[in-house]
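In: Output the structure for:
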Amino acid sequence: MSLNRSEQMVHDYLLKCPEERRHWQELVKREAAGHADLHAAAVNLERELWRYFRERAEVVEPFRSFARREGGARTSMRGLAELLLRLWVPPVAKPGAARPPS
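Out: As a prediction, the model looks like this:
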């Protein structure tokens, strides 16, 4: 999966900051549990990730420099939202899927 520069920056930041990562892991899991459709969860997470990016751009490098350099134009965080769902939400078995023999 390919992430844009903004998404990659958030992803790298979450990898470096365990407390932030734990917060997002819980948020991603809650969002997924609240939706039967993971696409709907990704839409909501995408909005939250963009808010997070803007908030971080006010106080933390490298977000601040990036925002100064690139401006405040809205950037999609959908790819990152989908990646986090894949990484942190266990796959759901599809109805009728073959089960291994007992």
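
In: which residue is nearest the centroid of this protein?
Out: A81 (3.4 Å; C-alpha atoms, centre = their mean).

In: Contacts only, for the nearest residue to that residue once chain neighbours are set aside.
Out: Leaving out its chain neighbours, the residue that sits closest to A81 by C-beta to C-beta, 6 or more residues apart in numbering is L45, at 3.8 Å. From N, CA and C alone the C-beta is placed, and that goes for glycine too. Shown here is L45, whose contacts under the criterion C-beta atoms under 8 Å, 6 or more residues apart in numbering are 27-28, 31, 77, 81, 84-85.

In: roughly how far apart are L45 and L87?
Out: Per C-beta to C-beta, to the nearest Å, L45 is found 12 Å from L87.

In: go on, R64?
Out: Per C-beta to C-beta, R64 is found 26 Å from L87.

In: next one: A42
Out: Counting by C-beta to C-beta, the gap from A42 to L87 is 13 Å.

In: how about the helices of the protein, start to end?
Out: Applying DSSP state H to the chain gives helices spanning 5-16, 18-33, 38-59, 63-70, 78-88.

In: Which of those helices has the lowest mean pLDDT?
Out: Note on the helices of the chain: helix 63-70 shows the lowest mean pLDDT, a mean of 92.

In: Pull out the buried residues from it.
Out: By neighbour count on 16 or more other C-beta atoms under 10 Å, the buried set for helix 63-70 is 63, 66-67.

In: cool, stretch 8-19 as well?
Out: Quick answer for stretch 8-19 (16+ other C-beta under 10 Å): 9-11, 13-14.

In: returning to what we had before: most surrounded residue in the contacts of L45?
Out: L84 (27 neighbours; other C-beta atoms under 10 Å).

In: got a list of what the residue lying closest to that one once chain neighbours are set aside touches?
Out: Nearest residue to L84, sequence neighbours excluded (C-beta to C-beta, 6+ apart): V28, at 4.9 Å. Listed by C-beta under 8 Å, 6+ apart, the contact partners of V28 are 41, 45, 84-85, 88-89.

In: Dump those into TSV; add distance to P18 as well.
Out: Rendered in TSV, the data for the contacts of V28 read as follows (distance: C-beta to C-beta, whole Å):
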residue	distance to P18
A41	23
L45	20
L84	15
L85	20
W88	14
V89	19
